[in-house]
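Q: let's see this in three dimensions:
(one chain, ligands or ions: 1)
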Amino acid sequence: MEHLAVSTAPRPRRRIVMTSPPTEGPLNLVLFGPPGAGKGTQADRLALRYNVPKISTGDMLRQAIQDRSRIGELVRDTLDRGALVGDDLIISLVGQRLEQPDTVNGFVLDGFPRTIPQAAALDALLADRGRVMVIALVVHVDEVIRRLSDRGRADDEAFVIRERLAIYTRDTEPVLEYYRRRASVTILDGNRPTDAVTEDIEAAVSTASGPSPRNS
Ligand code: ADP
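A: All right, here's what the predicted structure looks like:
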């Protein structure tokens, strides 16, 4: 099977894939990319810019751990190891979050979906809520390791980083292939400075959202 190596691919041109006609309706954005790609930072900015909530599954899980909730206790070891929590659990968390009324005009998803079953579940959850637009950030693997090592989160130790990257390649990268046939997918160079990446994402969103309202 042809393999699109997001974390290790050479620098792409400014925007290399744009696979679908414009969409209308809610802005259902999925930010995709390896750990350290800058998804969280970009998701914060996009949420502000488009006035939609950021939904970060990593943040939700870390909050649950901090709150010592039942879910937090269930997932703590998994996060420490850098493994993925079970699909059923994360799908139900996201499903509940998407029932909140603040998501009616869309959302920015950061860290979900990370497996093909999660992507299929998201399709089902969004059945009559408009299409998904996927923004994938390509970042060179050396840059990913450098950024994560600098970040210093509990799961950013060298051996955990290696595990998370291996899981990314095995379980998460195939999700992009899944979307290439079903959604609008834009692949951007995430190696560049944060502001430049934000500009590219906003350009991609306005292209995919179609022309602005008619003048007449
Ligand atoms: P990163 O910044 O490395 O992309 P996140 O903050 O998105 O990491 O996620 C941290 C951890 O939370 C992951 O390593 C994984 O254990 C868990 N996690 C987050 N999202 C998911 C998901 N969609 N499916 C399974 N596990 C997840």
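Q: identify the residue nearest residue 158 in space, chain neighbours excluded?
A: residue 149 (7.1 Å; C-beta to C-beta, 6 or more residues apart in numbering). All C-beta atoms are positioned from the backbone trio N, CA, C, and that covers glycine.
Q: could you report the neighbour count for that neighbour?
A: Per other C-beta atoms under 10 Å, the neighbour tally for residue 149 reads 13.
Q: you'd agree it is in a helix?
A: Yes: checked against DSSP: H, G, I helix; E, B strand; the rest coil, residue 149 lies within a helix.
Q: isn't it right next to residue 161, touching?
A: Yes: look at residue 149 against residue 161 with C-beta atoms under 8 Å: they come within range, at 7.1 Å.
Q: ramachandran coordinates for residue 111?
A: Dihedral pair for residue 111: phi 100, psi 10, per degrees, to the nearest 10.
Q: what of residue 157?
A: Here residue 157 shows phi and psi, under degrees, to the nearest 10, equal to phi -70, psi 150.
Q: I'd like to know how far it sits from residue 111.
A: 19 Å (C-beta to C-beta, to the nearest Å).
Q: which of the two has more neighbours?
A: Per other C-beta under 10 Å, whichever of residue 157 and residue 111 has more neighbours is residue 111, with 23 against 15.
Q: for the more buried one, what are its contacts?
A: Going by C-beta atoms under 8 Å, 6 or more residues apart in numbering, residue 111 touches 39, 56, 57, 58, 59.
Q: burial measure for the first one, as a count.
A: Other residues near residue 39 come to 26 when the count uses other C-beta under 10 Å.
Q: cool, and the second one?
A: Applying other C-beta under 10 Å, we find 21 residues neighbouring residue 56.
Q: likewise the fourth one?
A: As a burial measure, residue 58 scores 17 neighbours (other C-beta under 10 Å).
Q: so which residues on the protein come close to the ligand?
A: Counting by C-beta under 6 Å from any ligand atom, the positions of the chain adjacent to the ligand are 35, 57-58, 61, 78-79, 82-85, 90, 111-112, 114, 118, 155, 164.
Q: now which of these would you call buried?
A: Burial by neighbour count, 16 or more other C-beta atoms under 10 Å: within the residues of the chain next to the ligand this picks out 35, 57-58, 61, 79, 82-85, 90, 111-112, 114, 118, 155, 164.
Q: in helices only, show me those residues.
A: 57, 58, 61, 79, 90, 118, 164 (DSSP state H).
Q: possible to save the residues you listed as TSV with distance to residue 72 and pLDDT?
A: TSV is the format used below for those (distance: C-beta to C-beta, whole Å; pLDDT from 0 to 100):
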residue	distance to residue 72	pLDDT
57	13	98
58	13	97
61	8	98
79	9	96
90	13	98
118	20	98
164	19	94
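Q: would you list the phi and psi of residue 184?
A: When quoted as degrees, to the nearest 10, the phi and psi of residue 184 stand at phi -80, psi 120.
Q: distance check, it against the ligand.
A: Remark: distance between residue 184 and the ligand (C-beta to the nearest ligand atom, to the nearest Å) = 20 Å.
Q: related to what we said a few turns ago, got a list of what the residue nearest to residue 158 touches?
A: 156, 158, 161.
Q: list buried residues within these.
A: Looks like the contacts of residue 149 have 156, 161 buried, using 16+ other C-beta under 10 Å.
Q: ok, of the contacts of residue 149, which one's closest to residue 66?
A: Nearest to residue 66 among the contacts of residue 149: residue 156, at 17.0 Å, using C-beta to C-beta.
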